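Need coordinates for the below:
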Amino acid sequence: MAGRQGRRRFGAIRRLPSGRYQVRYRTADGRDVTAPMTFATKADAGRYLAKVEADLLRGEWADPRLGRTTFGEWTDRWLASTVNLRANTKAGYHTTLRQYLRPAFGSYPLVRIDVLAVRTWLARLEAQGVGQATRAKAYRLLARILGAAVEARYLAMNPCSIRGAASDGTSEMRIATVEQVAAIAEQLPPRYRSLVLVAAFGGLRWGELAGLRRKRVDLEAGTVTVAEQLVEVNGAFSVGPPKSAAGRRTVTLPAAVVASLSEHLADYTEESPDAFVFLSSQGRHLRRSNFNRRVWQPAIRAAGVEGLRVHDLRHTAGTLATAAGGALREVMDRLGHSTTVAAVRYQHVMADRDAAIARELNRLIEGG
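Numbering: from 1, shown residues only. Here you go, the predicted structure:
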C-alpha cells in the first residue's frame, strides 16, 4: 500500500504510488538521507540499505547528494586542487580531458558513471580508431579523477576496475639493432648524429637530450649527468627537473659514443658551461615535432627502418643494456626508471630473442 512504512533495524523502505520503493536512512551525524534512486522490488531496496549500513560502519559511505555533481564540475574542482604537476603533465591532462573525457562524461552525474558506462566509452574509442596507448592514458586519468571523488566521499567506489584497460601494451615498442642505429646516424645531418647515439646507447629521454648542458658532460669519465630536462608546453620552453627522482642520474657511455659527443661539442656547442649541447641548425631549442618531421623521418626512410620512433631509441638502449648483462636494478638506474615495470619489458624482449635463437639453432640442426 502506498505510504506504508517498512519497519527495519536500519533505515526505512516506503512503497510509492508508482509501485516502486523508496529508501530513507539516517547517517551517523543525524542527517536524514533519501536514496537518489528508487527500486523495482522491496528486496532490491533492502540490499541497498544493507550496503549503505555496511559502508557507514566502515567509514566508506558517500553522500548521494554529492554524487549528483557532474563529472565536469568535479573535474574542475579536482584540477584546481591538484598541486605539484609538471607543466607538460598538466597540459597533457587538459588535452586528454578535452578530446576524450569531457565529451563523453562532462554532463554525467558522478553516480551515473558505472563500469558499464566506462566499458562502453572504451569500446567507442576503439571503434573510432583510437590507439591502445591513448585509450590507456585516458582511462588512467579517468581512474585518477574518480579515485579522488571516492576519497572525497562523492562516490562510494571507483568504476574504473576493468582489467587491462590501464595497460599501454607492448606491441608499439620497437627495438633497433646496433646496425640499424648506425645506418640511421649515417643518414642524419652531422649535427644530429651524436644526439641519436646518446639516445640509443645512453637511454636519455627526449627532454633530457634537449636539456643537456655542456657542464653535464664529462668526456674524461665518459659520462653524461641528467640533472634537468627541457619541457615544451604549447610552444613555450622551460627547464625543469627530471621526470622523477630516479631520473636524476649519471650515465656512462660507450667509448665510440663519447668520441662522437666530443666531436659534436667541438663543432656545434658553445663554450659556456651552461650551453645546451643539442640545438637546431638555427641555434634554437629542439622542437620534437620539427625534429621528427624534418630530420628523423627522412633518415629512417633512407635507412630502411620506417616506423621506428625517436622514443624507440630509449627502448633500444634498455634492451641493449640488458643484452650486455645489465641486471634489472642496473638497467633501471641507467634509464632512470622509478619502478621495475618498464625495465622488465626489456628482459621480456631478450627472452623472446633467446627463443628465436633457439629456433634458428634447431633449424640448423635439422638441416644438418
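
which stretches of the stretch 1-150 of the chain aren't confidently modelled?
Low-confidence segments of the stretch 1-150 of the chain (pLDDT under 70): 1-8, 60.

How are the helices of it distributed by residue range?
Assignment of helices within the stretch 1-150 of the chain using DSSP state H, counting those that start in this stretch yields the ranges 42-58, 71-81, 87-96, 102-105, 115-127, 132-151.

roughly how far apart are residue 97 and residue 77?
13 Å (Cβ to Cβ, to the nearest Å). For glycine as for every other residue, the C-beta is placed from the backbone atoms N, C-alpha and C.

Give me the domain ranges for this protein.
The record's domain parsing of the chain by automatic domain parsing lists 12-61, 67-151, 178-353.

To residue 168, which of those lies closest?
The closest of the domains of the chain to residue 168 is domain 67-151. By Cβ to Cβ, the value is 4.5 Å.

First-to-last residue distance for the closest one?
End-to-end distance of domain 67-151: 12 Å, with Cα to Cα, to the nearest Å as the criterion.

do the same with stretch 299-318
Terminal residues of stretch 299-318 lie 22 Å apart, using Cα to Cα.

could you give the mean pLDDT of it?
The pLDDT scores in stretch 299-318 average 92.

returning to that earlier point: neighbour count: residue 97 and residue 77, which is higher?
Shown here are residue 97 and residue 77; by other Cβ atoms under 10 Å, residue 97 has more neighbours (22 against 14).

Could you verify my assumption that the more buried one touches residue 75?
Yes: in this structure residue 97 lies within contact range of residue 75 using Cβ atoms under 8 Å: 6.5 Å.

Skipping its backbone neighbours, what lies nearest residue 295 in space?
residue 192 (5.6 Å; Cβ to Cβ, 6 or more residues apart in numbering).

show me the contacts for the one you found.
The contact partners of residue 192, taken as Cβ atoms under 8 Å, 6 or more residues apart in numbering, are 278, 291, 295.

neighbours of the first one, just the number please.
By the measure other Cβ under 10 Å, the count of residues near residue 278 is 21.

what are the phi and psi values for it?
Torsion angles at residue 278 (phi, psi; degrees, to the nearest 10) stand at phi -110, psi 120.

unless I'm mixing things up, it is touching residue 211, no?
No: using Cβ under 8 Å, residue 278 is not in contact with residue 211; the gap is 9.0 Å.

Need phi/psi at residue 205.
Main-chain dihedrals, residue 205, degrees, to the nearest 10: phi -70, psi 160.

Touching, it and residue 231? I think so.
No: using Cβ under 8 Å, residue 205 makes no contact with residue 231, being 11.0 Å away.

Assess the claim that residue 24 and residue 14 are in contact.
Yes: between residue 24 and residue 14 there is a contact under Cβ under 8 Å: 7.1 Å.

what about those two, which has more around it?
Comparing residue 24 with residue 14 by other Cβ under 10 Å, the one with more neighbours is residue 14, at 18 against 14.
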